[in-house]
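Enquirer: predicted coordinates and the sequence they were generated for:
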Amino acid sequence: MRAILTALLLTIASQAGSAVWDPNNFDLKKLTSIKVVLEDGASGACWTNLKEVREYAEEKLRMKGVKINNDVTTSEEDYTYSFTITVNSERINNDGTGPCYGDVNAELYTFGFVNGSVHVIGAGKYDSIAFNSKNLNQTIIEVVRRFISEFK
C-alpha cells in the first residue's frame, strides 16, 4: 500500500498549474512596488530555506525591473502588489518521519475596489503539488523561478 501511495505522489509531484492572467499586457516594471510575503504552513522541517527563498524571489523580481518594498502595506492607493509564496507540507508518517508532501503556491495580487467593495485582484498564480524524501526546499525555489519567468 505504501509503495502505491509513494508512486502516486511521485506522479502528482510533477504536476503544476501556472497562469499569468494577462501575459501580453501585464508588465511588472509598471508596478510601483512588490512586497514579498512568505506563508509557512510546513511542519517536520519540510521547508528550511525561507531566507534563501525570500532573497531569491526578491532578486528575480529586481532582475525584471521591480522595486521591492517589504515595509509597505498593500493598498489600492499605491498600487503595491504582494508576491506571496505559500507552503503547506508535512511528513507522510503520523510519527513525523518519512518524506515530505504538500503544496507550494506562488501568487501575485493586489487589492482594489470594484462596485464599492474591496476585492483581491490577481495577476497570476502558480500551484504545485510536491513530494520529496528530504524537504521541499528545491521545489519551492523552482516554483518561484518558473512563475516569475512567465512575466515580461
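Expert: Ah, there it is.

Enquirer: contact partners for residue 148?
Expert: By C-beta atoms under 8 Å, 6 or more residues apart in numbering, the contact list for residue 148 reads 57, 60, 61, 64, 106. In short, each C-beta sits where N, CA and C put it, glycine included.

Enquirer: and the helices in this protein?
Expert: With helices called from DSSP state H, the chain shows them at 2-13, 50-63, 137-149.

Enquirer: tell me who's in contact with the residue positioned nearest the centre of the chain.
Expert: Centroid-nearest residue in the chain: residue 106, 2.0 Å away (criterion: C-alpha atoms, centre = their mean). With contacts defined as C-beta under 8 Å, 6+ apart, the neighbours of residue 106 are 57, 83, 84, 85, 86, 125, 126, 143, 144, 147, 148.

Enquirer: same thing with residue 102?
Expert: 41, 42, 46, 87, 88, 89, 90, 129, 130, 136.

Enquirer: ChimeraX command for the buried members of those residues?
Expert: In ChimeraX syntax, the buried subset of the contacts of residue 102 is picked out as below (16 or more other C-beta atoms under 10 Å):
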select :42,46,87,88,89,90,129,130,136
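
Enquirer: strands - which of the contacts of residue 102 land there?
Expert: Members of the contacts of residue 102 lying in strands (criterion: DSSP state E): 41, 42, 87, 88, 89, 90, 129, 130.

Enquirer: which one of those residues is nearest to residue 53?
Expert: Comparing these against residue 53 with C-beta to C-beta places residue 87 closest, at 8.7 Å.

Enquirer: that closest one contacts residue 37, doesn't it?
Expert: No - applying C-beta atoms under 8 Å as the test, residue 87 and residue 37 come out as separate, 12.0 Å apart.

Enquirer: quick check: neighbours shared by those two?
Expert: With C-beta under 8 Å, 6+ apart, residue 87 and residue 37 have no common neighbours.

Enquirer: what bridges to residue 131?
Expert: Beta-bridge pairing for residue 131 (DSSP bridges): residue 101.

Enquirer: for it, give me the pLDDT.
Expert: Looking at residue 131, its pLDDT is 92.

Enquirer: please shift the residue numbers so they start at 14 in all later answers.
Expert: Yes, from this point I'll number from 14; that puts the last item at residue 144.

Enquirer: from residue 50, how far off is it?
Expert: Residue 144 sits 25 Å away from residue 50, going by C-beta to C-beta, to the nearest Å.
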